[in-house]
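coords please:
(2 chains)
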Number of protein chains: 2
Amino acid sequence: MQGSIKYDDGKVFLEEVGPKHTSVRYELKEVLHSKRSPYQLVEIADSIDYGRMLILDGCVNVCERDESNYHEMIAHVPALLHPNPESVLVIGGGDGGTVRELLKHDTIRHIDVVEIDKEVVTSCRKYFPYLAASLDDKRVVLHCKDGVEFVRRSRSSRYSLVIVDSSDPIGPAEGLFTREFYEACRAILDENGIVVAQSESPYVYPEVLQQVYSLFSEIFSMALPYRIVMPTYPSGQIYMMMGLMNVQSMTDRNSSRLRNFFNSHTQYLSYVTPHLFESALNLPGDVLRLLKK
Amino acid sequence: MQGSIKYDDGKVFLEEVGPKHTSVRYELKEVLHSKRSPYQLVEIADSIDYGRMLILDGCVNVCERDESNYHEMIAHVPALLHPNPESVLVIGGGDGGTVRELLKHDTIRHIDVVEIDKEVVTSCRKYFPYLAASLDDKRVVLHCKDGVEFVRRSRSSRYSLVIVDSSDPIGPAEGLFTREFYEACRAILDENGIVVAQSESPYVYPEVLQQVYSLFSEIFSMALPYRIVMPTYPSGQIYMMMGLMNVQSMTDRNSSRLRNFFNSHTQYLSYVTPHLFESALNLPGDVLRLLKK
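Next up, the predicted model:
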């Protein structure tokens, strides 16, 4: 999964070293930025088909054409299932996209963003201002720290949502995929709290999806997976896993709050609709069998 | 969009020349078959990540790992919307996958399959027997003919469903994307008839999706798009477009026939579930806006 932008035939290409034995190549107009931070290689490039991309260690992390799919779904699905989200912890998310979406919820009064890599924030402020500007909102506090450490030391805090907006389980995000970490997350969630984390694609790493589902089922009252269409991620999709403190959130999801949110935000949402919110929770038969649901 | 299997670095690779400036490379175990027919280059290869693939002019057409997604959705969505499908015309579909799914409907008594390229049928009989065996069912008649011509000469026939299971709108399938062709399809549909055709991905060819939607809206009582997750297709998804003779089919979709079908076929279906059937009809906000719905 480690790679970097490669040059081929005199033209510029990004070769995203995909899972195992499949890879995707984007022809690039320009490489805008390339800097090795203490944690990873941070690159920003302009691809012809998919627009500007943030590339971490050779993997597409954020991309202009489909960032709304990801950021809307990682933020609004848990935020709309929680009956009254007030305080949110975002681990990773230094690009600011998840925070941009969270700020659309009036009930949310405080957001801690814990991004380990300052270079991600710096480069996104320059090249993705429409994402990173959200980090300057007065409701947001940015911490350039290790997320695992931050959660461990936050025992006295109470969050409605913990959103793990990380890269893949290999590299700087490795500690974010352990039992210890999610047990620490549970300890800082309120009684209706929800944690959400990416859990890969069933076509690429079915074992990761199984493991995260199994882990969340043990730690939380309910593990609830959902799916996001992501053309620039391997196999064109990513699954998210929610851990719910209170199963009631799931059964109460047709609330007037949900309807009101969509009614008042339609023009500010690119991807998600009320129907799509429901659809994302409906998994294909083979994935249900994989999870033995 | 034209290409073929390429060899690189002493290892075997397929380079699928994707849309415009993006491509996907599958590392292959083995190329099993390669023959140029009068219509196209027909290749069959075994990829490490996605299993056996039928590759037409360098584009993945059918793939072991996700063929169920495609074949179940192209067949069951229209077959379950029609109140009583009896006779079906499949244009293309020489691999037999769509017919395999159609045969799961007891009401369907006759299926004409019109595949222009005999070589597709021959090679699939050998390398995809679990798909092509369906073509030997006594309810099926295989015609190795041009689909456009077949429809034009079928004025006296009445079909419940016309399923256009074709390759992309460039190459041998070009005639399947014209107004004349779909008007001829309408003429052979029964009063509740449905035509379905692929209409590309909104991330790759948004203009094709728009054009097919607009064309179907003019020709039929209702144009109804739906989406299928397809990891081995460009951008990881494909949209299908249905043209309905009778809008009632859409509003009557929660029929007992639909419930009975799923109850009695769950163990024979890999991808589709009743929820997924509904979800497929729910499109993302940006696609709805693209179609000005």
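
for the lengthiest strand in chain A, which positions count as buried?
In chain A, taking DSSP state E as the definition, the longest strand is strand A:22-36. For strand A:22-36, burial by neighbour count (16 or more other C-beta atoms under 10 Å in any protein chain shown) applies to A:22, A:23, A:24, A:25, A:26, A:27, A:28, A:33. Yep, even glycine has a C-beta here, placed from its N, CA and C like the rest.

phi first, then psi, for the closest residue in space to the first one that isn't next to it in sequence.
The spatial neighbour of residue A:22 that comes closest, neighbours along the chain excluded (C-beta to C-beta, 6 or more residues apart in numbering or on different chains), is residue B:49 at 4.7 Å. Main-chain dihedrals, residue B:49, degrees, to the nearest 10: phi -80, psi -40.

re earlier: run the angle between the longest strand of chain A and strand B:22-36 for me.
Using axes from the mean of the first three to the mean of the last three C-alpha atoms, to 10 degrees, one finds that strand A:22-36 and strand B:22-36 are set 150 degrees apart in direction.

which elements pack onto strand A:22-36?
Under the contact criterion of 3 or more C-beta pairs under 8 Å, 6 or more residues apart in numbering or on different chains; DSSP states H and E, strand A:22-36 touches strand A:5-8, strand A:11-16, strand A:41-47, helix A:118-127, strand B:22-36.

note down every partner strand of that strand and its orientation.
strand A:11-16 (antiparallel), strand A:41-47 (antiparallel), strand B:22-36 (antiparallel) (DSSP bridges).

how far is the second one from where the chain is centred?
Taking the mean C-alpha point of strand A:41-47 and that of its whole chain, the gap between them comes to 19 Å (C-alpha atoms, centre = their mean, to the nearest Å).

quick one: contacts of it?
Here strand A:41-47 makes contact (C-beta atoms under 8 Å, 6 or more residues apart in numbering or on different chains) with A:4-5, A:12, A:14, A:26-36, A:52-58, A:63, A:117, A:119-120, A:123, A:127, B:21-22.

hang on, residue A:32 packs against residue A:64?
No: judged on C-beta atoms under 8 Å, residue A:32 makes no contact with residue A:64 at a distance of 12.0 Å.

all helices of chain A, in order?
Listed in chain order, the helices of chain A (DSSP state H) span A:67-81, A:97-102, A:118-127, A:129-132, A:147-152, A:179-187, A:206-219, A:248-251, A:256-265, A:274-280, A:285-290.

closest one to chain B among those helices?
For chain B, the closest of the helices of chain A is helix A:274-280, at 3.5 Å, according to C-beta to the nearest C-beta.

in the closest one, what's buried?
Those would be A:274, A:275, A:276, A:277, A:278, A:279, A:280, for helix A:274-280 by 16+ other C-beta under 10 Å.

low-confidence ranges in chain A?
Low-confidence segments of chain A, defined by pLDDT under 70: A:1-19, A:169-171, A:254, A:293.

in the stretch 151-293 of chain A, what residue comes closest to chain B?
Closest point on the stretch 151-293 of chain A to chain B, by C-beta to the nearest C-beta, is residue A:236, at 1.1 Å.

right, and that residue touches residue A:229 too?
Yes: using C-beta under 8 Å, residue A:236 is in contact with residue A:229, at 6.8 Å.

find residues that contact each of those two.
With C-beta under 8 Å, 6+ apart as the test, residue A:236 and residue A:229 both reach B:229, B:236, B:237.

out of the residues you listed, which are close to chain A?
B:229, B:236, B:237 (C-beta under 8 Å from any C-beta of the partner chain).

before we move on, the earlier item: farthest-separated two in the buried residues of helix A:274-280?
Pairwise distances across the buried residues of helix A:274-280 (C-beta to C-beta) peak at 11.1 Å, for the pair A:274 and A:280.

still on that earlier bit, could you flag which of the shared contacts of residue A:236 and residue A:229 are buried?
Buried among those by 16+ other C-beta under 10 Å: B:229, B:236, B:237.
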